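> Structure for this input, please:
(one chain, ligands or ions: 2)
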Amino acid sequence: MISFANAKINIGLFVSRRREDGYHDIETIFYPVKMYDVVEMHAADSYSFETYGIHIPERGDNLCTKAYHLLKSDFPQIEPVAIKLLKNIPVGAGLGGGSSDAAFVLKALSEWNKLNLKAEELQKYAAKLGADCAFFVENKPVFATGIGDEFSEISLDLSTYWIVIVKPDIHISTAEAYSQVIPAAPEVDLCRAIKLPIQEWKYYIKNDFEFGIFDKYPVIQEIKHKLYEKGALYASMSGSGSAVYGIFEEEVNLDELEALGKVFHPVEL
Ligand SMILES: C[C@](O)(CO)[C@H](O)COP(=O)(O)OP(=O)(O)OC[C@H]1O[C@@H](n2ccc(N)nc2=O)[C@H](O)[C@@H]1O
Ligand SMILES: Nc1ncnc2c1ncn2[C@@H]1O[C@H](COP(=O)(O)OP(=O)(O)OP(=O)(O)O)[C@@H](O)[C@H]1O
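Ligands and ions are numbered 1, 2, ... in the order given. Now for the predicted structure:
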């Protein structure tokens, strides 16, 4: 079984409160983008996991492996599988790649083993693997609250725009990024702001991580400025960075940006 695990961008991100458990309450909009990791699953005698493509810095088990064991602990009937992951989504980028891989493993295991798990059940498992992970179960544009795992659907379609993602050679740890934000009540109602024309978003929709991250890594801010110079209607860092996206009315030449980071053009498969 092959799954194509897509990335996400955050449109606006307010960090409102530090919780007792060390996590933070946030308000953000998650929007799926057409940039994919490939997760291949084969029947096997015992569980195994291999990665190809972009190198993933080791930090314990891969999220795909954690997803497999998490579901297997509740459903012992799950057959062993060999998972091969082709990693294309940059890591430490704020694009949610690892979370997406894990969510797609949960969905594939449920389907393959005919567990018939509903979206809400899969979301509960996903939330145990990472705050971002639950979003990828339904994978639709949503307004997210809580630690980023409570959703209300929104109507937002950017399919007629040209989205570009620029990833500088900087790996940002999500935990470290959160530790440097001072939480504050959101200044703006994101659900209302998102209904404004896109060229007005820049006046209202901001990402609270940008302030601290731009200070530490000025090149990320430079990328954002360049995207505006090139005509972006809206540009922002995604999640805790380091990737920055731009939303354009139409395709433009961004060769100049290659000097600052790798330029990705999300496309239909
Ligand atoms: C920055 C975002 O990408 C925005 O969508 C997410 O909030 C990050 O979600 P994620 O990568 O799935 O995060 P996790 O793997 O669950 O957590 C990594 C670390 O980030 C911090 N963290 C994460 C999410 C959150 N709402 N508050 C936090 O403080 C915690 O220190 C946690 O130990
Ligand atoms: N399948 C995976 N893909 C990517 N990273 C993984 C995976 N499994 C485990 N990880 C670990 O997660 C780390 C990346 O997580 P991190 O939250 O910092 O960044 P991210 O990929 O940009 O995601 P996010 O958008 O959630 O911030 C990696 O350094 C790696 O140690």
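> the helices in the stretch 151-269 of the chain, which residues?
Secondary structure of the stretch 151-269 of the chain (DSSP state H, counting those that start in this stretch): helices at 174-179, 190-193, 198-204, 209-216, 218-229.
> Out of these, which is closest to ligand 2?
Closest approach to ligand 2 among those is made by helix 174-179 (3.7 Å; C-beta to the nearest ligand atom). C-betas here are computed from N, CA, C, even on glycine.
> if I pick Val244, what's in contact with it?
Listed by C-beta atoms under 8 Å, 6 or more residues apart in numbering, the contact set of Val244 reads 165-167, 220, 223-224, 227, 235-238, 261.
> So which of the helices of the stretch 151-269 of the chain is nearest ligand 1?
helix 174-179 (3.7 Å).
> Near ligand 2, which residues of the stretch 1-150 of the chain? Just list them.
Contact residues, the stretch 1-150 of the chain versus ligand 2 (C-beta under 6 Å from any ligand atom): 56-57, 59, 62-64, 91-99, 101, 132.
> Select only the buried ones of the residues you listed in ChimeraX?
The buried residues among those can be selected in ChimeraX (16 or more other C-beta atoms under 10 Å) with this line:
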select :56,62,63,64,92,93,94,95,96,97,98,99,101,132
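> Out of the residues of the stretch 1-150 of the chain next to ligand 2, which sit inside strands?
Using DSSP state E, no member of those falls in strands.
> and the nearest residue in space to Glu256 that is not next to it in sequence, what pLDDT?
Leaving aside its sequence neighbours, Glu256 sits nearest to Lys226 (C-beta to C-beta, 6 or more residues apart in numbering; 6.9 Å). The confidence metric pLDDT takes the value 98 at Lys226.
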